[in-house]
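In: Sharing a model that was predicted from the sequence below.
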Amino acid sequence: MAILLTFKKKISSIIFQICPVFKVRRFIQKMQVGHVEMYGGYDAYSHIMENCEYFLKKEKLENKSYMDEVFYDIVYCYLKYGTNANEYFCYNFPKRTSKERATYLPRKRKDDLLIKNMGKNWNIYFDQIKDKYCFYKIAKDFFCRDACEIAAPSDYESFIFFMNKHKKVIAKPSRGGCGSGIIILDLLNFENNTEKAFNHLLSFNTPFILEEIVEQDTRIAQWNASSLNTLRIPSFRTAKGNRIIYPSIRIGRSGSIVDNAGSGGTFAAIDPQTGKIITKGYDKRGNSFDKHPDSQITYIGMQIPKWDELLVFVRKMHESMAKEHKYLAFDLALSTKGWVVIEANWGEMSMPQIEFGKGLYKEFEDCLFS
């Protein structure tokens, strides 16, 4: 089966090289009459329209000839470079040459490189970090807080013990992403009735990880107090030791409990040597900010506290993982007691490519295969 799929991909690639117009138009025709998926689980037509409606002005949206060209180019870039519609606009592809476009590292190309690097058992190690509770069990020493999994009615006793101890916790879908589905679970909202709270979680029909809430350091909380603001640290295991490239700080918006860029949060680049913020703030809707739009704190020049401690923390944590995890992106928070890990993932390199306005395919590939 795997050989057949590889063969089909090669044939499809050859057809695209010979006649890209045919492949692009066929893709567009299929998505206009039915469900066609883009990499990442997006419905292609809805995903393209959603991003066009956000990034393009009304007069362009109403210009059919222009929209036909945009649809064609987005699909062409998806088939040739692997970029989805949001990446297409965030990386400013409408104004980039073919040579420049080829230097970018969209999620699809990044995952292809990681799968190639890890080999046939890649999915085993991917699940170790995709499932948040699985990762908790592996990296428990670096969480520095309690957690438990709620996946079935049989977990009720564990739930009672955990909630009686903590009362108010953060609940995350175990296999969720981009901050989607995360809630604060407070027994007070259920009249201190654990059975009601438990049934509320089960109603989502997906496993959750419950975590003790992190009390973040005031120096990070000042950016936005409603969210847990974190640092995304892309880490490579190399023959010469741990290597960190293009770290970013992620800061939520007022009223939001998550900092994820995919959920409207802002982000800015950090100098990996000094721990100082070195770019403006950005979001994944094409906006840039000299100051955080809510707290009005200036991005450039701000020092991340305890940066040297963070570097040691990440190195030790990465070394504790299976050797197959050559690349991991760690999300960390600075608590009142020091650094804690929030999760690990095959982190996208979208933030630094937006922050610095350049593609990172070659640099990522060199780090991974060095």
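Out: On my side now, so go ahead.
In: Domain ranges for this protein, per the record?
Out: With automatic domain parsing as the criterion, the domains of the chain are listed as 21-102, 115-141+215-369, 146-212.
In: And the strands in this protein, which stretches?
Out: Taking DSSP state E to define them, one finds strands in the chain at 37-38, 42-43, 147-150, 168-173, 183-186, 208-212, 230-238, 241-244, 248-251, 266-269, 281-282, 288-289, 327-335, 338-345.
In: who does the fourth one pair up with?
Out: Spelled out, it's strand 168-173. With DSSP bridges as the test, strand 168-173 is paired with strand 183-186 (antiparallel), strand 208-212 (antiparallel).
In: will you turn those strands into TSV that also has mean neighbour count, mean pLDDT and distance to H325?
Out: Where you see a C-beta, it was placed from the backbone N, CA and C, and this is true even at glycine. As requested, the strands paired with strand 168-173 are arranged in TSV below (neighbours: other Cβ atoms under 10 Å; pLDDT from 0 to 100; distance: least, Cβ to Cβ, whole Å):
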stretch	mean neighbour count	mean pLDDT	distance to H325
strand 183-186	16	95	29
strand 208-212	23	97	20
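In: Relative to N121, which of the ones you listed is closest?
Out: Of all the strands paired with strand 168-173, it is strand 208-212 that lies closest to N121, at 24.4 Å by Cβ to Cβ.
In: Give me the contact list for the closest one.
Out: Strand 208-212 is touched from outside by 132-133, 136, 143, 145-151, 159, 162-163, 166, 169-174, 185, 201, with contacts defined as Cβ atoms under 8 Å, 6 or more residues apart in numbering.
In: quick one: the helices in the stretch 151-300 of the chain?
Out: Defined through DSSP state H, counting those that start in this stretch, the helices belonging to the stretch 151-300 of the chain, from first to last, are 156-166, 194-202, 218-221.
In: Go through those and name the closest to Y88.
Out: Distances from Y88 to each of the helices of the stretch 151-300 of the chain were compared by Cβ to Cβ, and the smallest falls on helix 218-221, at 32.3 Å.
In: show me the contacts for K196.
Out: With contacts defined as Cβ under 8 Å, 6+ apart, the neighbours of K196 are F190.
In: For G262, give me the pLDDT.
Out: Residue-level confidence at G262 comes out at 65, pLDDT.
In: Kindly present the helices of the stretch 151-300 of the chain as CSV, with separate columns for mean pLDDT and distance to D294.
Out: As requested, the helices of the stretch 151-300 of the chain are arranged in CSV below (pLDDT from 0 to 100; distance: least, Cβ to Cβ, whole Å):
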stretch, mean pLDDT, distance to D294
helix 156-166, 96, 28
helix 194-202, 96, 30
helix 218-221, 97, 13
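In: To D43, which of those helices lies closest?
Out: Judged by Cβ to Cβ, the one of these that comes nearest to D43 is helix 194-202, at 27.6 Å.
In: tell me which residues of that closest one are tucked away?
Out: For helix 194-202, the neighbour count (16 or more other Cβ atoms under 10 Å) marks 194, 197-198, 201-202 as buried.
In: Return the closest of the residues you listed with respect to V312.
Out: Within these, proximity to V312 (Cβ to Cβ) peaks at L201, which comes in at 36.3 Å.
In: So that closest one sits against T194, correct?
Out: No. L201 sits out of contact with T194 when judged by Cβ atoms under 8 Å, with a separation of 10.7 Å.
In: shared neighbours, those two?
Out: By Cβ under 8 Å, 6+ apart, L201 and T194 have these common neighbours: F159.
In: pLDDT-wise, which helix or strand of this structure ranks last?
Out: helix 2-18 (a mean of 56; mean pLDDT, DSSP states H and E).
In: still on that earlier bit, relative to K108, which of the domains of the chain is closest?
Out: domain 21-102 (3.5 Å).
In: per-residue confidence averaged over the closest one?
Out: Mean predicted confidence for domain 21-102 is 95.
In: can you tell me the distance between the two ends of it?
Out: The straight-line separation of the ends of domain 21-102 (Cα to Cα, to the nearest Å) is 19 Å.
In: and if you look at stretch 356-370?
Out: When the termini of stretch 356-370 are compared using Cα to Cα, they are 23 Å apart.
In: What of stretch 160-180?
Out: Calculated as Cα to Cα, the first-to-last residue distance of stretch 160-180 is 25 Å.
In: follow-up on the earlier one: can you lay out the domains of the chain as TSV showing distance to K108?
Out: Supplementary listing: these in TSV, determined by distance: least, Cβ to Cβ, whole Å:
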stretch	distance to K108
domain 21-102	3
domain 115-141+215-369	10
domain 146-212	15
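In: and of those domains, who's closest to R109?
Out: Judged by Cβ to Cβ, the one of those that comes nearest to R109 is domain 21-102, at 4.6 Å.
In: hmm, which of the contacts of strand 208-212 are the buried ones?
Out: Restricting the contacts of strand 208-212 to buried positions leaves 132-133, 136, 143, 145, 147-150, 159, 162-163, 166, 169-174, 185, 201, with burial counted as 16+ other Cβ under 10 Å.
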